[in-house]
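1. Can you look at this prediction? I've put the sequence above it.
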Amino acid sequence: MFALTHAPSPNMQACERTFVPHAAIDHALALKQHAAYCQALSQCRAEVITLDVNANWPDSTFIEDTAIVLDEVAVLCSMGAASRRDEPAAMEPVLRKYREVVRVESPATIEGGDVLRVGRTLLVGQSCRTNAAGIAVLAGIVGHYGYRIVAVPVHECLHLKTACTALPDGRLLVNPTWIDAAAAADYELVPVPEAEPWSANIVLVRDKVLLSAAHVQAAELIDKLGFTPQPIDLSEFAKAEGGVTCLSLLIS
């Protein structure tokens, strides 16, 4: 397994923020936390490759949004935020080392943070960053490989994966107040603790469940469910509306 990451931009303070207040980001601390995140991925036996191809763009450390990497193809995204629209182009030559690459073009918009794979189904958030046209274009691309698309309306948060990710057994860890849970009726839903509304964002790396160290109750819940939580301090990335999934593109 490869894990592509991107070093935090020196301009990170100017990043897009939609559902969180503006707060000062300590860039030196962000660098340390990013290094610890990469180390955690390495400890999960992922080969970590840290890029710096989009250093000028404030949100570039949130590399997950630039592409959707499936077993058969990598879909280069069309970013919903104007300030991020140049990021995918720099990712294309990197991704071509691992997959055939196809592109979604504007005015269709889609970001990787809105796409959750569960088996051969892609749950796709219809959000402030991903529009109906983007979902339709993605459906046309991945349908050739036998994937099913399920659109999930998202509100009060940035991306689907802010409010919904998959547990190792296929159940969904969700904040049901931030998505239309009826759209995920085919799945068993595990609600996050009410005191930790941002804690549905987890990433699975082999047998570990990575999550923010701020989500203590969620870690206890994951442990009780029989999985191994691995907390990581991501305080500076939370100020930029980011979480554990946002910081890597995992390629099997």
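-> All right, it came through fine. Source: prediction; values computed, not measured.

2. tell me the contacts of the residue lying closest to residue 231 once chain neighbours are set aside?
-> Nearest residue to residue 231 in three dimensions, chain neighbours excluded: residue 213, at 3.9 Å (C-beta to C-beta, 6 or more residues apart in numbering). (C-beta placed from N, C-alpha, C; glycine too.) Residues near residue 213 by C-beta atoms under 8 Å, 6 or more residues apart in numbering: 231-234.

3. Reformat those residues as a markdown table; add neighbour count, distance to residue 14 and pLDDT.
-> As requested, the contacts of residue 213 are exported to a markdown table (neighbours: other C-beta atoms under 10 Å; distance: C-beta to C-beta, whole Å; pLDDT from 0 to 100):
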| residue | neighbour count | distance to residue 14 | pLDDT |
| --- | --- | --- | --- |
| 231 | 18 | 28 | 97 |
| 232 | 21 | 24 | 98 |
| 233 | 15 | 23 | 98 |
| 234 | 26 | 19 | 98 |
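
4. Of those, which belong to strands?
-> Using DSSP state E, 231-232 are the members of these that sit in strands.

5. Which one of the contacts of residue 213 is nearest to residue 76?
-> Among the contacts of residue 213, residue 234 lies closest to residue 76 (C-beta to C-beta), at 25.7 Å.

6. And the closest one, how far from residue 203?
-> 11 Å (C-beta to C-beta, to the nearest Å).

7. And residue 73, by the same measure?
-> Separation of residue 73 from residue 203 (C-beta to C-beta): 21 Å.

8. Next: residue 128.
-> As judged by C-beta to C-beta, residue 128 and residue 203 stand 22 Å apart.

9. Between those two, point out the one with more neighbours.
-> When neighbours are counted by other C-beta atoms under 10 Å, residue 128 and residue 203 differ, and residue 203 comes out ahead with 26 against 18.

10. so what's the more buried one up against?
-> By C-beta under 8 Å, 6+ apart, the residues touching residue 203 are 165, 209-211, 244-245, 248, 250.

11. Let's see that with 7 Å instead.
-> By C-beta atoms under 7 Å, 6 or more residues apart in numbering, residue 203 lies in contact with 210, 244-245.

12. any idea which of these has the most stuff around it?
-> Neighbour counts for the contacts of residue 203, by other C-beta under 10 Å, peak at residue 244, which reaches 26 neighbours.

13. Quick one: residues contacting it.
-> Taking C-beta under 7 Å, 6+ apart, one finds 201-203, 210-212, 232, 234 in contact with residue 244.

14. out of those, who's nearest residue 15?
-> residue 234 (14.0 Å).

15. I'd assumed residue 212 was in contact with the closest one.
-> Yes. In this structure residue 234 lies within contact range of residue 212 using C-beta atoms under 7 Å: 5.0 Å.

16. what touches both of the two?
-> Both residue 234 and residue 212 are contacted by 243-244, under the criterion C-beta under 7 Å, 6+ apart.

17. number of nearby residues for the closest residue to residue 18 other than its chain neighbours?
-> Of all residues not flanking residue 18 in the chain, residue 158 sits nearest, at 5.6 Å (C-beta to C-beta, 6+ apart). The number of residues packed around residue 158, counting by other C-beta under 10 Å, is 29.
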